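Enquirer: sequence and predicted structure, then a few things I'm wondering about:
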Amino acid sequence: MSEATAEVSYLEHGHSLKSWLLTTDHKRIAILYFLSITLFFFVGGAAAALIRIDLLTPEADLMSNEGYNRAFTLHGVIMVWFFLIPSIPNTFGNFLVPLMIGARDLAFPRLNLLSWYIYMVGGLFTIAVLVLGGVDTGWTFYTPLSSMFANGNVILAATAIFVVGFSSILTGLNFIVTVHRLRCPGMTWGRLPLFVWSIYATSLILVLATPVLSITLVLIAAERLFGIGVFNPALGGDPLLYQHLFWFYSHPAVYIMILPALGVISELVATAARKPVFGYRFVAGSSIAIAILGFLVWGHHMFVAGQSMYASAVFSFLSLAVAVPSGIKVYNWTATLYKGHIALDPPFLFAMSFIGLFVVGGMTGLILAMLAVDVHVHDTYFVVAHFHYIMVGGTVSAYFGALHYWWPKMMGRMLPLVWGRLSAIFIFLGFNLTFFPQFILGYLGMPRRYHVYPAEFQTLHVLSSAGASVLGLAYLLPFTYLLYSLRHGGKAPPNPWGATGLEWTVPSPPPQHNFHELPTVDGPPYQYPVEVDGEREAAHG
Amino acid sequence: MADTAQARQRETTLMGMYLFLGSEIMLFGGLFAVALALRLMHPQEIVAASKHLHYGIGAANTVVLLTSSLAVALAVAAAEAGKIKGTVVGLQAGAGLGIGFLALKAVEYVSEYHERLLPALAPPEAFANPAAHLFMDLYLIATSLHAVHVTIGVGLLAGLALRVHHRSLALPRQATGVEVVGLYWHLVDVIWIFLYPVLYLVR
C-alpha cells in the first residue's frame, strides 16, 4: 500500500498540454472525452432550451418554422451522437474497464486515442453545421425529405455522423478485445463486474450496427449529390428501404445508449445495499439478451409507414419481449436492495431515480409496441416523452450517478454529499415536471416537431417548459460543486463508498499504470460486506 | 515467457482485426441489402440491366484479385518463417496485382462511360427504365466503395513491403503486422467475390 501511494497518479504524470493530447493512458483519454461530451451536452441543451421557450405559447413567436426545425434537429443529432452514445462508454467505460478487470490499459491504447481524435473531427463538422445554419430534417434524416427537399446542410451533418461512427466502431472493438484478452488471473467471465458486462454488450452493438448507418448515410449523400434514387419512388427506389436501414442501426443504438446505464445502476445498487447483486448471472445475461433482441425490433418504428402487417406483428411481439430482460434487471435490483443496509448517498439517489424513470419509460414503451395503440400515439409527444424517460431520465441520471460515484476515484477528491443529494432530487423533480405532461399532450394528440399548436395544449406546454428550466438549473448544479471539490474537497481514500471491485483497491486517483502488481482474483464479485475500517465515515466527515 | 507474451499479443491483434472486418462486412451488408431489395422490386429490369456489364473484365479482375490474395498469403507464410526476401516479393506482387485490378476497373469505367452506362455522367434518358438506372447506381457505388478499399489495401501492402525491406519491421518477431494486413486484403477479395455474381452474373 505504501509503495502504491508513493507512485505518481495519472493526473500528476505530466502537466503539459502535449502530455494530455498525445496520451495513450485510458484514464486521461476518459477525461478528454468527459470534457468534450460535456461541451456538447451544453450545446444540445441550449437547443432544447430554445425549443421549450418557443413552445411556451401556441403561436410561433421565437423562431420561424425553419428555425424550429433546425433547433430540434440539432438537439437530436448532438444529444444522440455526440453526447448519449459516447457518454458512459467513452468516459466511464474507458476509465473503468481496465481497472475493473485488472489490466494496465485497453488492448489498443493508440487506437483509443485515435477514436477520440475522430470523435473531435466529427464534432468539428457538427459545429460547422451549426455555424453554417444547421439542418432541418430531424435527427432521423428521413427520405425523401433529406434527399430531395431539405435545404439545410444535410451532407455536412451526414459527414459528421459518418465520421463519429468510426470513433464508435473503434471504441467498441477496443473494449471487446480488452475484455476477452486482458482480464487478470482469476477474473473469469463469471466474476466480471456487471458494468463490464454491459459495456461488452454495448460494444457488440457498436461494432455491428454502426457500419450499417455509415453506408446508409453514404447513400443519402449520393442521392442528394447525384440523384441516384435508391430511396426515391419516382426513380424506382423505395423510401421504406431507407427507414429499414436507418432503424436497423438506430434501434440498436437506443440500446447503445441505455445498456451502459443499466451496468452503472447494478454497481450503484450493490454498493448502496452492501449486498451481492441478486441473480448475478441473470443480470449479466440480460445485458447480452437486450443486445441481441435489440437487433430484431427495428420495425416497430415503422408500424404506420406501410410495411407488411405480418412483419409488424412479429416486430411488435419481439419488442414486447425486450421487456423480459429489462424486467429481470429491475426486479433483481429490487431484490438486491431488500434487507440491505442502504446508505442514502448521492449515487444511490440517482440510481433510485433511474429505476423509477426507467420503469415508466419501459412501460410506456410496451404501450407503443402494441400495434393498435401505436397508430393513435405514433409521432406524438407520447413518443417524445417515452424516449426521454429512457434516454434522459434513464441514461443521463445514470451518467450523473456514475459521475458522483466514481468522481473520488477519478479526481481523488470527495464531493459534498448534501449538494449531491440535492441535485439528484432536483434533477428527478425537474425531469418529471418536464416530461410527464408530454405523455398527456401526446395522448391528447399533440404531434411532435410542431411549434404551433391549439391553445388548449398551452397549460401542459407551460408546465413542461417550467420543468425544463428546473431541470436545466439542476444539471448546472453538479458542475459547480464538482469544480469546487477539485480544489476544496477532502482527499479521497482508495475506497470511500466501501465498495467491492478492483478499481477501489488502487489509490484515488489511480497511478499511471493502474496496478503496481497485476492483481489476482479468487472469488465471485460483490462479496459484501466490505471491511474498510470506518474509512467511509472518515472520508465523508 | 517472451514467447507467450508475443503469442498473446498476436492473438489480441488478430482479434481486433477480425472485429474490424466484421464491421466492414456489415458496411457492405447494407449495400447487399439494397441489392436484394432492388432485385425483389424489379426482377426483369435488373436482369436486363446486368447484361450491359462487361462480365469478361469482371471475371479477369476476379482472377487478378484471387492471385494477389495468394501472393499475400505466401508473404504471410514467409514473414512467419522470417524470410525477408520472400515477404517483400509476396507483398509487392500483391500490391502490383491490386494496381492491376484498379487499372482494369478504370478501363471498365471508361468503356461504360462511352457506352453511356455510368449514372451521374450519362443523362437519365440513356437508361432503358428507372430500375436499370438504379441498378447502375448501385453498381457504381458498390464497386467504387470496393475500389476505395482496394486502394487502401494497395497502400498498406506497399508500405509494409517497404518497411520489411528496410528492416523497420523485424521478422519473424513482428510478423503479425503482415498477417493483419493480409487478413484485410483477403476480406477485400471476399467482398469482390460476392459483388461479382450479385452485379455481373444475375443476368
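Expert: Cool, got the structure. Numbering: from 1, shown residues only, chains lettered A, B, ... in the order given.
Enquirer: any stretches of the stretch 401-541 of chain A with poor pLDDT?
Expert: A:532-541 (pLDDT under 70).
Enquirer: point me to the residue of it nearest chain B.
Expert: residue A:518 (12.9 Å; Cβ to the nearest Cβ). The way it works is simple: take the backbone N, C-alpha and C, and place the C-beta from them, glycine included.
Enquirer: that residue: which element?
Expert: Using DSSP states H and E, residue A:518 sits in no helix or strand.
Enquirer: quick check: the gap between it and residue A:189.
Expert: Separation of residue A:518 from residue A:189 (Cβ to Cβ, to the nearest Å): 18 Å.
Enquirer: quick revisit: which phi and psi does the residue of the stretch 401-541 of chain A closest to chain B have?
Expert: phi -60, psi 130 (degrees, to the nearest 10).
Enquirer: quick one, what contacts it?
Expert: Shown in contact with residue A:518 (Cβ atoms under 8 Å, 6 or more residues apart in numbering or on different chains): A:102, A:103, A:104, A:184, A:185.
Enquirer: state the number of residues packed around the first one.
Expert: It refers to residue A:102. 21 (other Cβ atoms under 10 Å in any protein chain shown).
Enquirer: show me what contacts it?
Expert: Per Cβ under 8 Å, 6+ apart, neighbours of residue A:102: A:183, A:184, A:185, A:187, A:502, A:515, A:518, A:519, A:520, A:521.
Enquirer: for the third one, same thing?
Expert: Residues touching residue A:104, when contacts are defined by Cβ under 8 Å, 6+ apart, comprise A:98, A:513, A:514, A:515, A:518.
Enquirer: then residue B:98?
Expert: Going by Cβ under 8 Å, 6+ apart, residue B:98 touches B:65, B:68, B:150, B:153, B:154, B:157, B:185.
Enquirer: helices or strands up against whichever helix or strand the second one is part of?
Expert: Under the assignment given by DSSP H and E, the secondary-structure element containing residue B:68 is helix B:55-80. Under the contact criterion of 3 or more Cβ pairs under 8 Å, 6 or more residues apart in numbering or on different chains; DSSP states H and E, the helices and strands touching helix B:55-80 comprise helix B:84-114, helix B:130-165, helix B:175-200.
Enquirer: any residue of the helix ranked longest in chain B touching chain A?
Expert: Using DSSP state H, we find that the single longest helix of chain B is helix B:2-41. Yes: for a cut-off given as Cβ under 8 Å from any Cβ of the partner chain, helix B:2-41 has contacts with chain A, namely B:8, B:11-12, B:15-16, B:19-20, B:22-24, B:26-31, B:33-34, B:37-38, B:41.
Enquirer: hmm, which of those residues are the buried ones?
Expert: Buried by 16 or more other Cβ atoms under 10 Å in any protein chain shown: B:12, B:15-16, B:19-20, B:22-24, B:26-31, B:33-34, B:37-38, out of the residues of helix B:2-41 next to chain A.
Enquirer: circling back: as JSON lines, the helices and strands packed on helix B:55-80 with distance to residue A:246 and mean pLDDT would be great.
Expert: Below are the helices and strands packed on helix B:55-80 laid out as JSON lines (distance: least, Cβ to Cβ, whole Å; pLDDT from 0 to 100):
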{"stretch": "helix B:84-114", "distance to residue A:246": "30", "mean pLDDT": "96"}
{"stretch": "helix B:130-165", "distance to residue A:246": "17", "mean pLDDT": "94"}
{"stretch": "helix B:175-200", "distance to residue A:246": "22", "mean pLDDT": "96"}
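Enquirer: got JSON lines for the ones you listed, with distance to residue B:4 too?
Expert: Formatted as JSON lines, the helices and strands packed on helix B:55-80 follow (distance: least, Cβ to Cβ, whole Å):
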{"stretch": "helix B:84-114", "distance to residue B:4": "24"}
{"stretch": "helix B:130-165", "distance to residue B:4": "25"}
{"stretch": "helix B:175-200", "distance to residue B:4": "14"}
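Enquirer: quick one: closest of those helices to residue A:56.
Expert: Of all the helices and strands packed on helix B:55-80, the one in closest proximity to residue A:56, counting by Cβ to Cβ, is helix B:130-165 (45.9 Å).
Enquirer: so what angle separates the directions of that closest one and helix B:55-80?
Expert: Counting by axes from the mean of the first three to the mean of the last three Cα atoms, to 10 degrees, helix B:130-165 lies at 30 degrees to helix B:55-80.
Enquirer: list the contacts for the closest residue to residue B:112 other than its chain neighbours?
Expert: Leaving out its chain neighbours, the residue that sits closest to residue B:112 by Cβ to Cβ, 6 or more residues apart in numbering or on different chains is residue B:118, at 5.0 Å. Residues near residue B:118 by Cβ under 8 Å, 6+ apart: B:109, B:112, B:136, B:140.
Enquirer: ditto for residue B:24
Expert: Counted by Cβ under 8 Å, 6+ apart, residue B:24 has contacts A:211, B:149, B:187, B:191.
Enquirer: what does residue A:412 give?
Expert: Shown in contact with residue A:412 (Cβ under 8 Å, 6+ apart): A:9, A:11, A:491, A:492, A:507, A:508, A:509.
Enquirer: and for residue B:192?
Expert: B:61, B:62, B:65, B:146.
Enquirer: any idea how far the second one is from chain A?
Expert: Noted for residue B:62: a distance of 23 Å to chain A, by Cβ to the nearest Cβ, to the nearest Å.
Enquirer: and the closest residue to that residue other than its chain neighbours, how many neighbours does it have?
Expert: Among residues not flanking residue B:62 along the chain, residue B:196 sits closest, at 5.5 Å (Cβ to Cβ, 6+ apart). For residue B:196, the neighbour count with other Cβ under 10 Å is 18.
Enquirer: would you agree residue B:196 is in contact with residue B:60?
Expert: No: Residue B:196 is not in contact with residue B:60 according to Cβ atoms under 8 Å; the separation is 10.9 Å.
Enquirer: residues of chain A that sit close to chain B?
Expert: Counting by Cβ under 8 Å from any Cβ, the residues of chain A that sit close to chain B are A:107-108, A:111, A:169, A:172-174, A:176-177, A:180-182, A:207-212, A:214-216, A:218-219, A:222, A:226-230, A:234-238, A:241, A:244-245.
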